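Student: predicted model and sequence below, questions to follow.
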Amino acid sequence: MTSVATWLQDFAPTPAGGLPRNVFRYVLGTSALHQLALLALTGAVALLEVVPLELQRRIVNDLVKHRPYSLVIGLCAIYAGVVLVQGATKLALNIYRGWVGERAKRDLRRRVHAVVEAPADASPAAEAQGITISMIVAEVEPIGGFVGESVSEPLLQAGIMASVFAYLIHIDLWMAIAAFGLFIPQLVFVPLLQSAVNRRTGARIRVLRQLGISMIDRTDGAEDNRRIDQAFALDMGIFKIKFTMNFLMNLCNHLQRISALLIGGWWVYTNHLEIGGVVAFISGIARMNDPWGDLVNYFRDLNVTQVKYRLLADAVDQLTAPAAAVDRIVVAGGNG
């Protein structure tokens, strides 16, 4: 029930002059047309990903079959042209993403500035609000950066994985099934470990914001030291989980390559597959593992950004409220 209530609150009408609570509502509200253009570039990059794999296969097979070397030269020239087109398209995508993200940062900074334009008094509450505003302005940076890739990044990486996997099925169904089978453990342990990271990240944001306000108010020093130790413990927990996840993912990646060598080697040995297919298959596995890692990083960043964005949206609504509202602003990051 709590998650449903939170979802409904996130998509409730936006207050006048405020920010929507859900980061994707903000993304669509400020850059919907640009996101469509980014999707077009994303589709082009994903489709071009499989062309070098096919060219590698053909080049190796032509060499093994001792065909005229002029064919190899021609294929290599096409390979270079495809890589150039793909690289230029990806360059345009990244620059466009950066522009959309910087545009979002500018918009958020202007909105925060509009809220705090009125002069404040010199009371301790005003000082605490000033520190809160500084933290908010600093957090615009990662939020704005996320806006640029919020829609195109997961679709790009998922598109690359889908196109490469379809190509691997085209080369050999059984090798593709073996490679996918070794992805299944990752589909189990990655969400579990990532959920643990997300919980610790939310708790860390809460602790650091409480620490910031208590240091300005000069309250209990022992409590501040406890929060510092708590932040350290949370950081170490995050590091241990993230590096354990990386270790398990790398292990699965190498097992995928070993399965390709074992099964593909047997098919080559029994004349059921050409050697170029094995080479292209191993390259294809690498091209699937990279976007999979990027997808994991994306969803990790998504959770942290949503927490920070909700804090920013709450702060824009509450900065002009009485002094008691400052504490609500500080702890709001833990509610996501």
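Tutor: Yep, it's here. Predicted model, so just to flag it, every value in this text is computed and none were measured.
Student: so Lys90 sits right up against Val45, yeah?
Tutor: Yes: when contacts are counted by CB atoms under 8 Å, Lys90 is listed as touching Val45 (5.2 Å). Heads up, the C-betas are built off the backbone N, CA and C, glycines and all.
Student: give me the low-pLDDT residue ranges for the protein?
Tutor: Low-confidence segments of the chain, defined by pLDDT under 70: 1-18, 113, 115-139, 209, 212-221, 315, 318-336.
Student: and the helices in it, which stretches?
Tutor: 2-10, 23-48, 51-64, 69-115, 124-149, 152-171, 173-181, 184-217, 221-269, 275-318, 324-331 (DSSP state H).
Student: can I get these in JSON lines including mean neighbour count?
Tutor: As requested, the helices of the chain are exported to JSON lines (neighbours: other CB atoms under 10 Å):
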{"stretch": "helix 2-10", "mean neighbour count": "10"}
{"stretch": "helix 23-48", "mean neighbour count": "17"}
{"stretch": "helix 51-64", "mean neighbour count": "18"}
{"stretch": "helix 69-115", "mean neighbour count": "15"}
{"stretch": "helix 124-149", "mean neighbour count": "18"}
{"stretch": "helix 152-171", "mean neighbour count": "20"}
{"stretch": "helix 173-181", "mean neighbour count": "17"}
{"stretch": "helix 184-217", "mean neighbour count": "17"}
{"stretch": "helix 221-269", "mean neighbour count": "15"}
{"stretch": "helix 275-318", "mean neighbour count": "20"}
{"stretch": "helix 324-331", "mean neighbour count": "18"}
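Student: which ones are touching Val207?
Tutor: For Val207, the contacting residues are Arg227, Gln230, Ala231, Leu234, by CB atoms under 8 Å, 6 or more residues apart in numbering.
Student: nearest residue to the third one in space, ignoring adjacent ones along the chain?
Tutor: If you skip the residues right next to it in sequence, Ala231 has Val207 as its closest partner in space, 5.0 Å away by CB to CB, 6 or more residues apart in numbering.
Student: just give me how far stretch 52-69 sits from the chain centre.
Tutor: In terms of CA atoms, centre = their mean, to the nearest Å, the centre of stretch 52-69 is set 36 Å apart from its chain centre.
Student: swap in stretch 45-62?
Tutor: 27 Å.
Student: over to stretch 227-239?
Tutor: 23 Å.
Student: now what about it, what contacts it?
Tutor: Residues contacting stretch 227-239 (CB under 8 Å, 6+ apart): Ala196, Val197, Arg200, Thr201, Ala203, Arg204, Val207, Leu208, Gln210, Leu211, Ser214.
Student: distance to Leu155 added to the residues you listed, as JSON lines?
Tutor: Shown next, in JSON lines, are these (distance: CB to CB, whole Å):
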{"residue": "Ala196", "distance to Leu155": "26"}
{"residue": "Val197", "distance to Leu155": "23"}
{"residue": "Arg200", "distance to Leu155": "28"}
{"residue": "Thr201", "distance to Leu155": "24"}
{"residue": "Ala203", "distance to Leu155": "31"}
{"residue": "Arg204", "distance to Leu155": "29"}
{"residue": "Val207", "distance to Leu155": "35"}
{"residue": "Leu208", "distance to Leu155": "33"}
{"residue": "Gln210", "distance to Leu155": "37"}
{"residue": "Leu211", "distance to Leu155": "38"}
{"residue": "Ser214", "distance to Leu155": "42"}
